[in-house]
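Asker: below is the sequence, then the predicted model.
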Amino acid sequence: MTESMLVYDPTAPSQNEPQQLRRSLEGLRGAVVGFIDNAKPNFQYLVDDVAELLTQKYGVTSIIKRRKRGAAMPAAEDVIDELSRECDLVITGSGD
């Protein structure tokens, strides 16, 4: 007897066509760095430590932190738009 198996694709569908958004950075001095927190425990502690290092040692001017609703959810469009406008560099991360 042949059995069938249902397989789910765990990836979220893309809502937009891929775009080339990358800009060159000459360095971090004077840059604005954004963080997208994936809402898992402990990521906020890592972000705070990295943000302090970036500002004190590398001259980053400003840090913008935003949190997703959940780890399996994409960041909201308004968050992506804001970070794209305001930041020179965006880091997304995971905690636990």
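Answerer: Received it, and whenever you're ready, just let me know what you need. Residues are numbered from 1 along each chain as shown.
Asker: please work out the average pLDDT along the helix or strand that contains residue 47.
Answerer: Assessed by DSSP states H and E, residue 47 sits inside helix 43-58. Helix 43-58 shows a mean pLDDT of 93 in the predicted model.
Asker: ok, and for that helix, which residues are buried?
Answerer: By neighbour count with 16 or more other CB atoms under 10 Å, helix 43-58 contains the buried residues 43, 44, 47, 50, 51, 54. For every residue, glycine as well, the C-beta is placed using N, CA and C.
Asker: in the protein, what residue spans correspond to helices?
Answerer: Along the chain, the stretches classed as helices by DSSP state H are 43-58, 77-86.
Asker: picking up where we left off before, which strands and helices sit next to the helix holding residue 47?
Answerer: strand 32-37, strand 62-67, strand 89-93 (3 or more CB pairs under 8 Å, 6 or more residues apart in numbering; DSSP states H and E).
Asker: can you redo those strands as CSV with distance to residue 78?
Answerer: Formatted as CSV, these follow (distance: least, CB to CB, whole Å):
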stretch, distance to residue 78
strand 32-37, 13
strand 62-67, 9
strand 89-93, 14
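Asker: what would those strands look like in TSV with distance to residue 81 and mean neighbour count?
Answerer: Shown next, in TSV, are the helices and strands packed on helix 43-58 (distance: least, CB to CB, whole Å; neighbours: other CB atoms under 10 Å):
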stretch	distance to residue 81	mean neighbour count
strand 32-37	12	20
strand 62-67	11	16
strand 89-93	12	15
